[in-house]
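*Asks:* Provide a 3D model corresponding to the input given below.
(one chain, ligands or ions: 1)
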Amino acid sequence: MQSRTKLNVNDILSKKGKEKISVLTAYEYSTARICDKADIDILLVGDSAGMVVLGYASTMPVSMQEMMIFCGAVARGTKRAMIVGDMPFGSYQVGPSVAVENAVQLIKAGCDAVKLEGSSEIVDTIDAIANAGIPVMGHIGLRPQTSSLWEGYKLQGRTKEGAIKLIEDANVLEKAGVFSIVLEMVASEVADAITKRLSIPTIGIGSGSSCDGQVLVLHDMLGIYEDIRPRFVKRYAELSKEIFDAVSSYNHDIKAGTFPEESNTFHMDTKELNKWKNESRI
Ligand code: KIV
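*Replies:* Numbering: from 1, shown residues only. Below is the predicted model:
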């Protein structure tokens with residue numbers, strides 16, 4: 001187990017080229033505690049919570065109020081990992097001042113940084129948030145908040161033009177002052193080129209092994225979320241089966257009268273019970 005001191009932006013920056021950065025999404029106290037104990041470097045309170053926790057069909061309906069509850073719960077379970085809060089759709093597109101207000105709310109809820117999807121169109125917003133003293137993580141490639149409106153979930157940077165555009169996007173974000181960039185579903189050759197060009201860390205999801213770090217959605221890698229199964233996810237457990245088996249056994253035990261057992265049962269003080277029996281003739 002590594003030192004329990006809280007990781008900050010400089011710790012994350014200093015890992016580039018030396019040590020890969022581990023990132024997982026987290027949405028609540030108990031699993032955040034486990035991920036933190038396992039020395040995951042960054043816990044991303046992703047707006048993917050909207051899909052895997054709240055059951056929305058996409059991340060678009062997620063509100064600031066919902067994100068604040070998730071961020072607070074993760075912060076209460078975390079001692080070491082840096083916590084990055086995703087700014088949900090609508091919380092930063094309106095303009096820099098609204099974005100700063102919302103970013104401040106996420107920091108007050110316990111985050112150490114915020115993440116925004118986009119590039120040149122949000123440079124002023126990134127600048128305003130960074131000027132408020134809040135570290136910003138960028139997110140390019142597939143952008144789940146808006147990709148469903150345009151082209152669906154597709155690999156990004158498959159063509160020469162696509163590759164050049166992504167490299168430009170990454171450069172713009174680095175200049176704008178982000179401390180790292182998520183590359184989602186970017187062709188691995190392009191992710192490699194971006195990672196080599198930038199002095200800040202890239203965090204890949206479905207973007208190959210060259211990135212400085214990797215992120216997965218916790219419910220995907222644990223095998224809990226069953227609606228979508230992207231090819232880039234490695235399943236480290238099949239918890240939905242384990243949960244199903246446990247819940248079915250519980251159901252069976254209740255119906256059969258085999259739960260609770262004596263070890264799960266509490267009793268009255270014997271003297272008091274006898275007094276009560278004698279007096280009330282029960
Ligand atoms: O919301 C999320 O979980 C994310 C990751 C997929 C990077 O943005």
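*Asks:* how about the residues of the stretch 1-150 of the chain by the ligand?
*Replies:* Proximity of the stretch 1-150 of the chain to the ligand, by CB under 6 Å from any ligand atom, involves residues 25, 44, 46-48, 86. All C-beta atoms are positioned from the backbone trio N, CA, C, and that covers glycine.
*Asks:* and of those, the nearest to the ligand?
*Replies:* Gly46 (2.3 Å; CB to the nearest ligand atom).
*Asks:* wait, the closest one touches Pro88, no?
*Replies:* No: counting by CB atoms under 8 Å, Gly46 does not reach Pro88; the two are 9.9 Å apart.
*Asks:* quick one, which of those two is more surrounded?
*Replies:* Neighbours per residue (other CB atoms under 10 Å) separate Gly46 from Pro88, with Gly46 holding more: 30 against 23.
*Asks:* quick one: contacts for that one?
*Replies:* By CB atoms under 8 Å, 6 or more residues apart in numbering, the contact list for Gly46 reads 25, 27, 86, 115, 217.
*Asks:* what's the answer for Lys160, then?
*Replies:* Lys160 touches nothing, counting by CB under 8 Å, 6+ apart.
*Asks:* so where do the helices sit in this structure?
*Replies:* 9-14, 29-37, 49-52, 64-76, 96-108, 123-131, 144-150, 160-176, 188-197, 218-221, 239-256, 270-280 (DSSP state H).
*Asks:* any idea which of the ones you listed has the lowest pLDDT on average?
*Replies:* Mean pLDDT is lowest for helix 144-150 among these, at a mean of 84.
*Asks:* what residues of it count as buried?
*Replies:* For helix 144-150, the neighbour count (16 or more other CB atoms under 10 Å) marks 144-147 as buried.
*Asks:* from those, which is closest to the ligand?
*Replies:* Pro144 (6.4 Å).
*Asks:* hmm, Ser58 and that closest one touching each other?
*Replies:* Yes: assessed by CB under 8 Å, Pro144 is found in contact with Ser58 at 7.1 Å.
*Asks:* neighbours of the residue lying closest to Gly118 once chain neighbours are set aside, how many?
*Replies:* Counting by CB to CB, 6 or more residues apart in numbering, Arg143 is the residue found nearest to Gly118 once chain neighbours are left out, at 6.9 Å. Per other CB under 10 Å, the neighbour tally for Arg143 reads 20.
*Asks:* and if you look at Lys234?
*Replies:* Neighbour number of Lys234 under other CB under 10 Å is 9.
*Asks:* could you find the closest non-adjacent residue to it?
*Replies:* Nearest to Lys234 is Met221, by CB to CB, 6+ apart, at 6.5 Å.
*Asks:* for the one you found, which residues are in contact?
*Replies:* Counting by CB under 8 Å, 6+ apart, Met221 has contacts 24, 233-237.
*Asks:* how far away is it from the ligand?
*Replies:* 11 Å (CB to the nearest ligand atom, to the nearest Å).
*Asks:* ditto for Val233
*Replies:* 10 Å.
*Asks:* cool, Val114 as well?
*Replies:* 12 Å.
*Asks:* show the contacting residues for the residue nearest to Lys165 when sequence neighbours are not counted.
*Replies:* Leaving aside its sequence neighbours, Lys165 sits nearest to Gly157 (CB to CB, 6+ apart; 7.9 Å). The contact partners of Gly157, taken as CB under 8 Å, 6+ apart, are 141, 163, 165-166, 186-187, 189-191.
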